[in-house]
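> Sequence isn't available, so here's the structure alone:
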């Protein structure tokens, strides 16, 4: 896993704790194409919190938004959510692609992605999000 804004093609292995789970815990998971991963931002400085409003990535061209108006690691509970492709299941090892979490990140929960739980209705978002993330899942050098 890499600590960058280019997650395209990044492959990772999520290793499920063999002391707490048996391979039966992943039974049927291989029938899904995507997973939703809940993890802890374990490298976040606990003193680097801003529960009010701030500019995303401190960019002066973007508006101030409150903590619930963006998806960064400066959160009081240090929880992150990522959706990634499931490539294969090998016992308690989940081979995934485009999980935007750095190596060693503690995974708290793994859920199969159900299309029925995806967004319903028209989607909209502010322009700064698209300006900030145009290459987030692209490949370096693209």
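Perfect, I can see it now. Because the structure is a prediction, the values reported are computed rather than measured.
> where exactly do the helices run in the chain?
Secondary structure of the chain (DSSP state H): helices located at 127-132.
> where in this structure is pLDDT low?
For the chain, residues meeting the criterion pLDDT under 70 lie at 1-6, 139-142.
> Go again with 80.
1-9, 134-142 (pLDDT under 80).
> Pull out the buried positions in the top strand by length along the chain.
Taking DSSP state E as the criterion, the chain has its longest strand at strand 79-90. Residues of strand 79-90 classed as buried: 80, 82, 84, 86, 89 (neighbour count, 16 or more other Cβ atoms under 10 Å). All C-beta spots, glycine's among them, are computed from the backbone N, C-alpha and C.
> With stretch 62-78 instead?
Those would be 62, 70, 74-75, 78, for stretch 62-78 by 16+ other Cβ under 10 Å.
> how about a markdown table for these, with distance to residue 48 added?
Converted to a markdown table, the buried residues of stretch 62-78 look like this (distance: Cβ to Cβ, whole Å):
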| residue | distance to residue 48 |
| --- | --- |
| 62 | 19 |
| 70 | 15 |
| 74 | 6 |
| 75 | 11 |
| 78 | 11 |
